[in-house]
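structure of the sequence below:
(one chain, ligands or ions: 1)
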Amino acid sequence: MANIQSSPTATTQGPIAHYDAVIIGAGVGGLYALHHLRKMGFSVRVYEGANGVGGTWWWNRYPGARVDGPASPFYCYTFSEELVREWDWTETQSDQASVLAYLEYVADRFDLRRDIQLDTWIRDARYDEDQQRWWVETSRGERVGCQFLICAVGTLSAAYKPNIPGIEDFAGKCYHTSRWPQEPVSFVGKRVGVIGTDSSGVQAIPEIAKEAAHVTVFQRTPQYTIPARNRPVDPEEMRQARENWSDLRAQMDASPLGMPLKISQRLAAEDTPEQRQALYEALWQKGGLDLLFGSYADIITNKEANRTLADFVRGKIREIVRDPQTAEKLLPDYYVGTKRQLLDNGYYETFNRDNVTLIDLRHDPIQTVTATGIRTATGEHSLDMIVLATGFDAVTGALVRLNPQGRGGVRLAEKWRTHFDTYLGLGISGFPNLFTIHGPGSPSVLYNMPLGAELESAWIGDCMKHLRERGLGAIEATPEAEKGWDQEVAMFANATLFPLTDSWYTGANIPGKPRQFCVHLGGSHYFQRIADVAAQGYEGFVFEKEHYVDVATAS
Ligand SMILES: Cc1cc2nc3c(=O)[nH]c(=O)nc-3n(C[C@H](O)[C@H](O)[C@H](O)COP(=O)(O)OP(=O)(O)OC[C@H]3O[C@@H](n4cnc5c(N)ncnc54)[C@H](O)[C@@H]3O)c2cc1C
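The predicted structure is shown next:
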């Protein structure tokens, strides 16, 4: 930071703007990182490809899109008590529009927009070893320099569109759930085909079915989903949450999931089958994630314990879905909870509607899309509209698509060809001064993500300060530290059943993607670990002294 040390605003001598940090992405992660780093006195610029802030909540406008984690008001930032006091959540399972409205409010409330450039994709990012800077090129043709590149590009932001033969020939409208149009889409009188039954499909299908003439659901993998039991938030509940905010925040910090959920300490085998059934039933009626996390401590770690809950949910599917053949097709056969745990609003019930048909692609695969529908092995399904609820190249996809060029001109996609190595889920060897928020190797999608973004941004800010105060120009994770970290992430994962399931957690939804479970399951332990690394002088990272660079002429 030779010439721009402590600069509260960007240095713009010469034709190129220079910042202490460029943040890519204005979702939950990027917005908070901007606020935090700016408060610390750094000059920061955020670039966002969408033409609004909000990330996930800007893109995923499909009908039924809602948080699938903790009940409101816990999917929110915690850094400002004023914000907690000011914002009223209206439903226990907030919908996309409310979360987006909240994030827009945050952007205005903390005057973030002046440092955010929307409608701007970062097309390239290269590290200059001599200048210890990143050079970033935007879709608008700008070239920008920065010491630190902070990738808040999202874990569920790289939409995945499978290569389905004939899809280009379809004459009707075709939408991807995460690239949903801004204007409302009407399904009235339409025959709609939905491909995919993961989170987005499970949320969208019941809503589409309420309006459409007919919905044909093309299912590759059945889902275990738990009733969300969404309901209005009582003003008294909001009042109590605000009053007890410091307690709740302490519970979130202590929780492996960053949520004030009660995690059971009891093992499934400690109860009789009747007791288990009664507990599962009570938690099913209650709704939400308690069934998975509040029932028994070993559901995710012990095959037999897992089977007891899987059997219970399979029993529920048989009970709810009236047609036994349809019910059979809906029965999942993997370990419950090892794919993203879904919360639904009447998903299984939707298959009792006369206007809904389920096609099991495992036995009746898609052969081709035609101009008028989808042909499977057993016949043609006439459609006016196709909804691709086919999800994301999760956790690593947006980073690989960004594909920054690090030391020696090596691209990230090349480094990650067979394995996604990071150190702490925050740094990558060969990519000095690059940080990720919610990156692979961090708790990301298995943690309350707004809280995770706050904690990771705080760590990154402190690290940047460490460099600034010591006249250091670059920080970089060592390959040895990455190896150790990889083992630590794998150790946590291998103590669970997660790696045994084909899921987007393991990369199995993307053809050719290396199979790796790259979410750190340590929760609060993870945040203690990264704090310890910082306290020990950023053990596992190497530093370089600052080179002299005249940013007025740097290019
Ligand atoms: C339907 C749904 C429900 C969810 N529910 C929950 C929940 O209940 N609890 C929870 O914790 N999490 C939930 N999540 C996960 C959610 O993604 C995170 O909570 C959070 O919104 C992620 O924020 P982020 O800033 O990391 O990424 P994002 O919100 O994905 O933002 C990343 C942004 O980066 C931009 N970007 C990417 N690449 C570039 C580039 N090259 N140039 C410019 N811009 C770029 C993207 O356009 C995007 O706007 C849910 C996700 C979905 C899809």
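
can you tell me, leaving aside adjacent residues, what's nearest to residue 447?
Excluding the flanking residues, the one nearest residue 447 by Cβ to Cβ, 6 or more residues apart in numbering is residue 258, at 4.5 Å. Every residue, glycine included, has its C-beta placed from N, CA and C.

in which helix or strand does that neighbour reside?
Using DSSP states H and E, residue 258 sits in no helix or strand.

residues near it, how many?
Neighbourhood size, residue 258 [other Cβ atoms under 10 Å]: 28.

model confidence score at it, please.
Looking at residue 258, its pLDDT reads 93.

do residue 70 as well
At residue 70, pLDDT is 68.

ok, the one 10 residues further on next?
Taken from the predicted model, the pLDDT recorded for residue 80 is 96.

just want the phi and psi numbers for the closest residue to it other than its chain neighbours.
Closest residue in space to residue 80, ignoring its immediate chain neighbours: residue 110 at 8.0 Å, by Cβ to Cβ, 6+ apart. Main-chain dihedrals, residue 110, degrees, to the nearest 10: phi -110, psi 20.

helix, strand, or coil at the one residue in the stretch 151-300 of the chain that gets nearest to the ligand?
As assessed by Cβ to the nearest ligand atom, the ligand sits closest to residue 154 within the stretch 151-300 of the chain, at 2.3 Å. What DSSP: H, G, I helix; E, B strand; the rest coil gives for residue 154 is coil.

quick one: contacts for the residue in the stretch 451-555 of the chain that the ligand sits nearest to?
Using Cβ to the nearest ligand atom, residue 453 is the residue of the stretch 451-555 of the chain that sits closest to the ligand, at 6.2 Å. Residues counted as contacts of residue 453 (Cβ atoms under 8 Å, 6 or more residues apart in numbering) are 28-29, 32-33, 152, 437-438.

just those: which are in helices?
Counting by DSSP state H, those place 28-29, 32-33 in helices.

what subset of those is buried?
Buried members of the ones in helices among the contacts of residue 453, counted by 16 or more other Cβ atoms under 10 Å: 28-29, 32-33.

adding pLDDT and distance to the ligand, write those out as CSV.
CSV is the format used below for these (pLDDT from 0 to 100; distance: Cβ to the nearest ligand atom, whole Å):
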residue, pLDDT, distance to the ligand
28, 98, 4
29, 98, 3
32, 98, 8
33, 98, 9
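
what's the farthest-apart pair in those residues?
Greatest spatial distance among these (Cβ to Cβ): 28 and 33, at 9.8 Å.

any weak-confidence spans in this protein?
Applying pLDDT under 70 to the chain picks out residues 1-15, 70-72, 550-555.

go again using 90 as the cut-off
In the prediction, the chain carries residues with pLDDT under 90 at positions 1-16, 68-74, 234, 237, 254-255, 260-263, 547-555.

which residues of it lie near the ligand?
Counting by Cβ under 6 Å from any ligand atom, the residues of the chain close to the ligand are 24-30, 47-50, 55-56, 58, 60, 65, 67-69, 75, 121-122, 152-154, 156-157, 199, 398, 402, 437-438, 448-449.

from the residues you listed, which land in helices?
Short answer: those in helices (DSSP H) are 28-30, 56, 58, 199, 398, 402, 449.

for those, which two are the farthest from each other?
The farthest-apart pair in these, when distances are taken by Cβ to Cβ, is 199 and 402, at 23.5 Å.

pick out whichever of the two has more residues nearby.
residue 199 (26 against 21).

list just the nearest of the contacts of residue 453 to residue 183.
Looking across the contacts of residue 453 and measuring by Cβ to Cβ, the closest to residue 183 is residue 28, at 24.7 Å.

list the residues that contact the residue nearest to residue 447.
By Cβ under 8 Å, 6+ apart, residue 258 lies in contact with 252, 443, 447-448, 451-452, 523-524.

now those residues in CSV, with neighbour count and secondary structure?
CSV is the format used below for these (neighbours: other Cβ atoms under 10 Å; DSSP: H, G, I helix; E, B strand; the rest coil):
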residue, neighbour count, secondary structure
252, 20, helix
443, 28, coil
447, 29, coil
448, 23, coil
451, 27, helix
452, 25, helix
523, 22, coil
524, 17, helix
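
before we move on, the earlier item: nearest to residue 331 among the buried ones among the ones in helices among the contacts of residue 453?
Nearest to residue 331 out of these is residue 28 (Cβ to Cβ; 34.7 Å).

what about residue 317, distance to residue 428?
Applying Cβ to Cβ, to the nearest Å, the value for residue 317 to residue 428 is 42 Å.

quick one, which of those two is more surrounded?
Taking other Cβ under 10 Å, residue 317 and residue 428 do not tie; residue 428 has more neighbours (27 against 22).

for the nearest residue to the more buried one once chain neighbours are set aside, give me its contacts.
With Cβ to Cβ, 6+ apart as the criterion, residue 428 has its nearest non-adjacent residue at 5.3 Å, and that residue is residue 422. Neighbouring residues of residue 422 by Cβ under 8 Å, 6+ apart: 428, 436, 439-442, 477, 482, 485, 518.

which among those residues count as buried?
Neighbour counting by 16+ other Cβ under 10 Å classes 428, 436, 439-442, 477, 482, 485, 518 among the contacts of residue 422 as buried.

looking at those residues, spot the one nearest residue 361.
residue 518 (27.1 Å).

which residues are in contact with the closest one?
Here residue 518 is in contact with 395-396, 420, 422, 440-441, 489 (Cβ under 8 Å, 6+ apart).

what's the most distant pair in these?
Maximum distance among these (Cβ to Cβ): 13.0 Å, for 396 and 489.

and the residue of the stretch 151-300 of the chain closest to the ligand, what does it touch?
By Cβ under 8 Å, 6+ apart, the neighbours of residue 154 are 25, 27, 29, 55-56, 398, 438.

what helix or strand is residue 175 on?
Using DSSP H and E, residue 175 falls in strand 173-176.

now the next helix or strand after that strand: how far from the chain's centre is it?
Once strand 173-176 ends, the next helix or strand along the chain (criterion: DSSP H and E) is strand 191-195. Its chain's C-alpha centre and that of strand 191-195 lie 25 Å apart, by Cα atoms, centre = their mean, to the nearest Å.
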